[in-house]
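[1] Sequence first, then the predicted structure:
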Amino acid sequence: MVLPRTALTVVLVLPCLLSGQNSNSPQPPGIPVTDRLVIAKCGACHARDAQGDMQNISWVRATPEAWGDALKRMVRRNRVALTPQEARAIIEYLGTYHGLAPEEAASVKYLAEHRMIQDEANVPNDHVRRACTNCHTFGRALSWRRSPTEWKQLAGLHADLYPNRAQPLQSDEAISFLMQAAPLHTPEWDAWSARVRAPQLAGRWLVTAHLPGHGQYYGEMEIQAGSDPGEFSSRVKLQSVQDGSATLRSGQSLVYAGYAWRGRSKSNSPASVGPDDLSSEMHEVLWFAPDQSSGEGRWFWGQQQEFGMDVRLRRATDAPALLGLDQPSLKAGSQDSRIRLFGDHLPAKLSPAALNLGPGITVRSVVSQSAQEAVAEVDVSAQAPLGKRDISLGGAVLPGGLAIYDRVDYIKVTPDSAVVQFGDESLSRSYQQYEAIGYQRGPDGLAHTADDVALGPVDVTWTLDEFSWAPGGSKPSIGVLRSSGLYEPAANGPRNNYDVWVVATAKNEKDQGGQPLMDKSYLVVSVPEYTLNGRHYVRELGHWVEDGAGGH
């Protein structure tokens, strides 16, 4: 996220504190610090040697969010005097030259994107799980890369500050694992640091976005370079496939390490009252490819981070480009189906022969067309091969852009589990948006396997079902599940947690026995915060963590 020019940003990802302890253990080569501002502001506590290495700083690397929080603690605890502009410049330098390679950042990008965690329970080491993840996420540890000495010092600091949190053996084994999993020097970082360059992102980009509950959006983004090499401004226009509405946004961003975009944008339209309103201020987290021809990431709401768009960008050229269709699948045997194709620089005169949707599909006519959109009527043979196929139009190709199916074998509710919280007098409630996606069994004939074909959202009826409520007892008012799949907890809910099923029942799709297809998701509706054994816990990215534990 961007550090504003008026105040230090409150960074939500809290990494472990840099230790100031000394160690006689051999150190690998450090990463010299060459930035004058970092030397001037940090040198009083972190001594610099003749090689340009600064104590601690030269033997750690971290994400921009992790460096931002470390700097915040230096201001708070060590009284480091910084202007907002100086803080921003220090994080920009450290996040770039003491950061992570793109391959390293990929494993923890969900933290910066503020995605609800689904797989943090699968920590690959039991000692790390017991010693570290009771207090913070595993991804927070992997947001840092350290030398063996720095990892040992970190363990020592934790033992001094929190002597009852983990047994020494667990801590030793956890640190041994982290030394191997997150070392200071890696082939990925050595290769990336040798070729990192100032981002050249100015120009026009084509955007594809998906907002759960609202469907697909297509559009373009104009990026302009700022006064500093990593600074950019942007303007984006997105059009909803679902209702045709247009969204205009403008923003400011910084790019760290040549690939990590952190920005904020605001809508040019007045805000509405809905919690999932697109006119809300957004945080933009993007990861650009090393060749700077494409990018992907998530734009999420500043106040309600559970709402967000999955975004993909590709650099626009003068050549025709296809972005997507208004419907991701067609049923075999369907006739007179009308499809809309979205793209850029589409041919001015488009004939049916120029649009190829693969074997078994006949393009009857092109109803309308423009440089960004074409509408066609098509027939799908009952014998059309099932599965994904590429689409080509005027030289542009959209790989796997359309699926052909003969029946919906099952539906799947996403996410399959979630944690939301009631509101109270001081804390706002959180929300959860659900979708029901239809699937056809793939070539192996088995459901829920890797070759199954996603067919897109299915029209369903949403209901809440009891999970653990007492039989015969009164049902508490825990919130509302909207027809759109949006669950809204009670604004001032009960003081207990409740487990429920979120159930989707298909309106038009049935199983082989003639019953409507159904699926359900497990939902915990929790109090905003709670205390257990004298420790205070809050919800972070869908998991309960001890409040303040991230400030080690």
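    Structure's in. What do you need? Numbers count the residues shown, from 1 in each chain.
[2] So for this protein, the centremost residue is which one?
    The chain has residue 113 as the residue nearest its centroid, 3.6 Å off, counting by CA atoms, centre = their mean.
[3] The closest residue to that one other than its chain neighbours sits in which helix or strand?
    Closest residue in space to residue 113, ignoring its immediate chain neighbours: residue 298 at 4.0 Å, by CB to CB, 6 or more residues apart in numbering. In short, each C-beta sits where N, CA and C put it, glycine included. Taking DSSP states H and E as the criterion, residue 298 maps to strand 294-301.
[4] Please apply the same query to residue 520.
    Going by DSSP H and E, residue 520 is in strand 516-526.
[5] helices or strands next to that strand in the packing?
    Strand 516-526 sits against strand 410-414, strand 417-421, strand 498-510, with contacts defined as 3 or more CB pairs under 8 Å, 6 or more residues apart in numbering; DSSP states H and E.
[6] on that earlier part again, quick one: the residue nearest to residue 113 and residue 307 touch, right?
    No: the pair formed by residue 298 and residue 307 falls short of the contact definition of CB atoms under 8 Å, at 10.4 Å.
[7] These two - which one has more neighbours?
    residue 307 (26 against 22; other CB atoms under 10 Å).
[8] Identify the residue spatially nearest to that one, adjacent ones excluded.
    residue 301 (4.5 Å).
[9] where along the protein do the helices fall?
    36-42, 64-78, 84-97, 102-105, 109-113, 126-131, 138-141, 148-161, 168-181, 187-195 (DSSP state H).
[10] so where's the stretch 451-552 of the chain uncertain?
    For the stretch 451-552 of the chain, applying pLDDT under 70 flags the ranges 468-475, 529-552.
[11] and residue 26, how many residues sit next to it?
    8.
[12] sorry, back to before: quick one: the residue nearest to residue 113 and residue 240, what's the gap?
    18 Å (CB to CB, to the nearest Å).
[13] again, but for residue 252
    Separation of residue 252 from residue 240 (CB to CB): 25 Å.
[14] The residue nearest to residue 96 when sequence neighbours are not counted: neighbour count?
    Spatial nearest neighbour of residue 96, chain neighbours left out: residue 257 (4.7 Å); criterion: CB to CB, 6+ apart. Residues lying near residue 257 (other CB under 10 Å) number 24.
[15] Run through the residues that contact residue 302.
    264, 280-283 (CB atoms under 8 Å, 6 or more residues apart in numbering).
[16] What of residue 214?
    240, 242, 276, 278.
[17] Look up which residues are beta-bridged to residue 391.
    Taking DSSP bridges, one obtains residue 398 as the residues bridged to residue 391.
[18] now this structure, which segments are flagged as low pLDDT?
    1-25, 117-121, 165-170, 271-273, 468-475, 529-552.
[19] Pop the domain breakdown of it in here.
    If you go by automatic domain parsing, the domain ranges for the chain are 36-195, 203-315, 321-405, 410-546.
[20] rewinding a little: quick check: the farthest pair among the contacts of residue 302?
    264 and 280 (11.1 Å; CB to CB).
[21] Which stretches in the stretch 351-500 of the chain count as strands?
    355-356, 361-369, 373-380, 387-393, 396-405, 410-414, 417-421, 432-433, 435-440, 453-457, 460-466, 479-481, 486-489, 498-510 (DSSP state E, counting those that start in this stretch).
[22] and residue 67, which of those strands is closest to it?
    strand 417-421 (28.7 Å).
[23] For the closest residue in space to residue 242 that isn't next to it in sequence, give the beta-bridge partners.
    Excluding the flanking residues, the one nearest residue 242 by CB to CB, 6+ apart is residue 215, at 4.2 Å. Judged by DSSP bridges, the bridge partners of residue 215 are residue 211.
[24] was I right about residue 215 contacting residue 244?
    No: counting by CB under 8 Å, residue 215 does not reach residue 244; the two are 11.2 Å apart.
[25] Which one's more surrounded, these two?
    When neighbours are counted by other CB under 10 Å, residue 215 and residue 244 differ, and residue 215 comes out ahead with 16 against 7.
[26] show me the contacts for the more buried one.
    Taking CB under 8 Å, 6+ apart, one finds 240-242, 457 in contact with residue 215.
[27] separation between it and residue 208?
    Taking CB to CB, one finds residue 215 at 12 Å from residue 208.
[28] now stretch 307-327, how far from the centre of its chain.
    Distance, stretch centre to chain centre, for stretch 307-327: 18 Å (CA atoms, centre = their mean, to the nearest Å).
[29] tell me which residues in that stretch are buried?
    307-309, 311-316, 320-327 (16 or more other CB atoms under 10 Å).
[30] and if you look at stretch 39-59?
    Quick answer for stretch 39-59 (16+ other CB under 10 Å): 41-42, 46, 48, 53-59.
[31] Near the residue nearest to residue 393 when sequence neighbours are not counted, how many other residues are there?
    Spatially, and ignoring its direct neighbours in sequence, residue 393 is nearest to residue 355 (5.1 Å; CB to CB, 6+ apart). If you count neighbours by other CB under 10 Å, residue 355 ends up with 20.
[32] Quick check: residue 355 touching residue 375?
    No: Residue 355 is not in contact with residue 375 according to CB under 8 Å; the separation is 10.7 Å.
[33] Mutual contacts of these two, please.
    341, 366.
[34] So residue 369 sits against residue 375, correct?
    Yes: assessed by CB under 8 Å, residue 369 is found in contact with residue 375 at 7.2 Å.
[35] Looking at the buried residues of stretch 307-327, which are in strands?
    Mapping those onto strands (DSSP state E) picks out 308-309, 311-315, 321-325.
[36] Tabulate those (TSV), appending distance to residue 107.
    Formatted as TSV, these follow (distance: CB to CB, whole Å):
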residue	distance to residue 107
308	20
309	22
311	20
312	20
313	22
314	24
315	26
321	31
322	31
323	28
324	28
325	32
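[37] Tell me the one of the residues you listed nearest residue 443?
    residue 325 (23.0 Å).
[38] dump the residue contacts of the closest one.
    339-342, 391, 398, 401-402 are the contacts of residue 325 under CB under 8 Å, 6+ apart.
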